[in-house]
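[1] Pasted the sequence and its predicted model underneath.
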Amino acid sequence: MKNNSLILIQTNFKLITNYLLKNKFNKIVIICDTNSMQFCLPILVSNVNPLLKAEIIEVDASEESKSFETVTSILETLFELKLNKSDLIINLGGGVVADLGGFVASIYKRGVNFINIPTTLLAMVDASVGGKNGINYFNLKNSIGTIVQPNLVFINNSFLKTLPVEHYQNGLAEVYKIALINNKTFWNSLQIGKLTELELIKKAITLKQNIVNKDPFEKGLRKILNFGHTIAHAIEMFYVKNNLFILHGYAVVIGMIVETHIAFQKKLISKDTLNEVVTTLVSKFTIEITLKLNYLDLKPYLIQDKKNKNGIIKMALLNDIGKCKHDITVTEKEISKALLFFEGTN
Ligand SMILES: NC(=O)c1ccc[n+]([C@@H]2O[C@H](COP(=O)([O-])OP(=O)(O)OC[C@H]3O[C@@H](n4cnc5c(N)ncnc54)[C@H](O)[C@@H]3O)[C@@H](O)[C@H]2O)c1
């Protein structure tokens, strides 16, 4: 099985046009959500001639679209359009469209060709790598899905011009995460803001690809991608329980601050490193927290984390900037202390 698909990154549309001209797909279906249809589809179609006759399927711009209902409705349209295995589906949108459209493409007639054209920063730097597709079911996120690589991922950062700032920050959180766990030089460049947007996207993708390639099935190293996410997932679920919502990226930023403090308590990093991480994250992200966070409220979710072993909470923690260890046992006391520390930074 391929671990990574071909990722083409450019500021114009020549590579994708050439790819489509060369492959001569008979039928092409583009799946979009309401926003990517309004903001991105006109740009794509007007720049890529082979797409002028593409069929369009639109889904609601919402996480709720990652459902069996939407899957069934798209599948029915594909049958009506008589799409064949040799035809092509293009998923144009953020992570929702990529996950949903990739899932549909991987099960329709046991799999058809598909291309992802991500239009959010998160989908470019994170969802574009790894081949995970899926929907939410039984109140569980991404609980049904496949791991199938798209034929191609085409990234053009001009789509990001219309992306709302909070969704931009949502993706940026994963960029900072990958730098923190894997590459000090990249972290330093992010701090001084010397990279172009395209350079930043390329670097983040390459670093994630390297990790995924070394450990495609998350047996060890790949677990470091979960840095910040143990706390983040618990916060997201705690918000849902209170009928509130927090964007994943903001929860990840809080998670990174809390988990960095845990690393400090465990003497994995120095006070200077803790300060550098926290000061940078606080200055780069607007963290608005509407719920007070304490261990007892997060506990029900933390103990369910899939990385735990025998009920013991395990985390991926920094042991320097650009370095991360996985499967580290963390105590309730350490989490409580780190949450209090976070409160002081906010
Ligand atoms: N498969 C993976 O490896 C992977 C990795 C990370 C996240 N995900 C999934 O991705 C989803 C989150 O992705 P997301 O943050 O991209 O959310 P999203 O797809 O919901 O997009 C965020 C918002 O931006 C809008 N939008 C998209 N492109 C736009 C553009 N260019 N201009 C204006 N608006 C635009 C969307 O309509 C939506 O309202 C989650 O479901 C998550 O589970 C998957």
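    Looks like it arrived, so ask away.
[2] The ligand contacts on the stretch 101-250 of the chain?
    Residues of the stretch 101-250 of the chain lying close to the ligand by CB under 6 Å from any ligand atom are 119-120, 122-123, 126-127, 130, 132, 141-142, 159, 162-163, 167, 170. In short, each C-beta sits where N, CA and C put it, glycine included.
[3] which stretches of the stretch 101-250 of the chain form helices?
    Ranges of helices in the stretch 101-250 of the chain, per DSSP state H, counting those that start in this stretch, are 121-122, 165-182, 184-192, 197-214, 229-241, 248-265.
[4] what would these look like in JSON lines with mean neighbour count and mean pLDDT?
    Compiled in JSON lines, the helices of the stretch 101-250 of the chain are given as follows (neighbours: other CB atoms under 10 Å; pLDDT from 0 to 100):
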{"stretch": "helix 121-122", "mean neighbour count": "26", "mean pLDDT": "98"}
{"stretch": "helix 165-182", "mean neighbour count": "22", "mean pLDDT": "97"}
{"stretch": "helix 184-192", "mean neighbour count": "15", "mean pLDDT": "97"}
{"stretch": "helix 197-214", "mean neighbour count": "18", "mean pLDDT": "95"}
{"stretch": "helix 229-241", "mean neighbour count": "21", "mean pLDDT": "94"}
{"stretch": "helix 248-265", "mean neighbour count": "25", "mean pLDDT": "97"}
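[5] Can you redo those as CSV, where the extra columns are distance to K292?
    Supplementary listing: these in CSV, determined by distance: least, CB to CB, whole Å:
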stretch, distance to K292
helix 121-122, 27
helix 165-182, 21
helix 184-192, 30
helix 197-214, 32
helix 229-241, 10
helix 248-265, 12
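[6] Looking at those helices, spot the one closest to I287.
    Ranking the helices of the stretch 101-250 of the chain by their distance to I287 (criterion: CB to CB) puts helix 248-265 first, at 5.8 Å.
[7] For G134, give me its contacts.
    Neighbour list for G134: K66, D99, G102, F103, N142, S143, I144, G145, T146 [criterion: CB atoms under 8 Å, 6 or more residues apart in numbering].
[8] buried subset of the residues of the stretch 101-250 of the chain next to the ligand?
    In terms of neighbour count (16 or more other CB atoms under 10 Å), the buried residues within those are T119, T120, L122, A123, D126, A127, G130, K132, F159, L163, H167, N170.
[9] contacting residues for the third one?
    Right, the one you point to is L122. With contacts defined as CB under 8 Å, 6+ apart, L122 is in contact with G94, G95, H167, N170, G171, E174, H248, G249.
[10] do the same with the first one
    For T119, the contacting residues are S36, F39, C40, L92, G93, G94, F159, L160, L163, by CB under 8 Å, 6+ apart.
[11] what sits against the last one?
    Under the criterion of CB under 8 Å, 6+ apart, the contact list for L163 reads T119, T120, L121.
[12] Next: the fourth one.
    The neighbourhood of L92, defined by CB under 8 Å, 6+ apart, consists of I30, I31, C32, S36, C40, L41, L44, I117, T119.
[13] which one of those residues has the most neighbours?
    Using other CB atoms under 10 Å as the neighbour definition, these reach their maximum at T119, which records 32 neighbours.
[14] so what's it closest to, chain neighbours aside?
    Of all residues beyond its chain neighbours, the one nearest T119 is F159 (4.2 Å), with distances taken as CB to CB, 6 or more residues apart in numbering.
[15] how much space between that neighbour and V175?
    Distance from F159 to V175, counting by CB to CB, to the nearest Å: 16 Å.
[16] what's the answer for N18, then?
    For N18, the distance to V175 (CB to CB) stands at 29 Å.
[17] Next: A105.
    Separation of A105 from V175 (CB to CB): 27 Å.
[18] what does L41 give?
    In this structure, L41 and V175 are separated by 26 Å, where distance is defined by CB to CB.
[19] Can you name the residues that contact the residue nearest to V59 when sequence neighbours are not counted?
    In space, V59 comes closest to S65 once its chain neighbours are excluded; the distance is 4.5 Å by CB to CB, 6+ apart. The contact partners of S65, taken as CB under 8 Å, 6+ apart, are D33, V59, V96, V97, L100.
[20] I appreciate the help and will end here.
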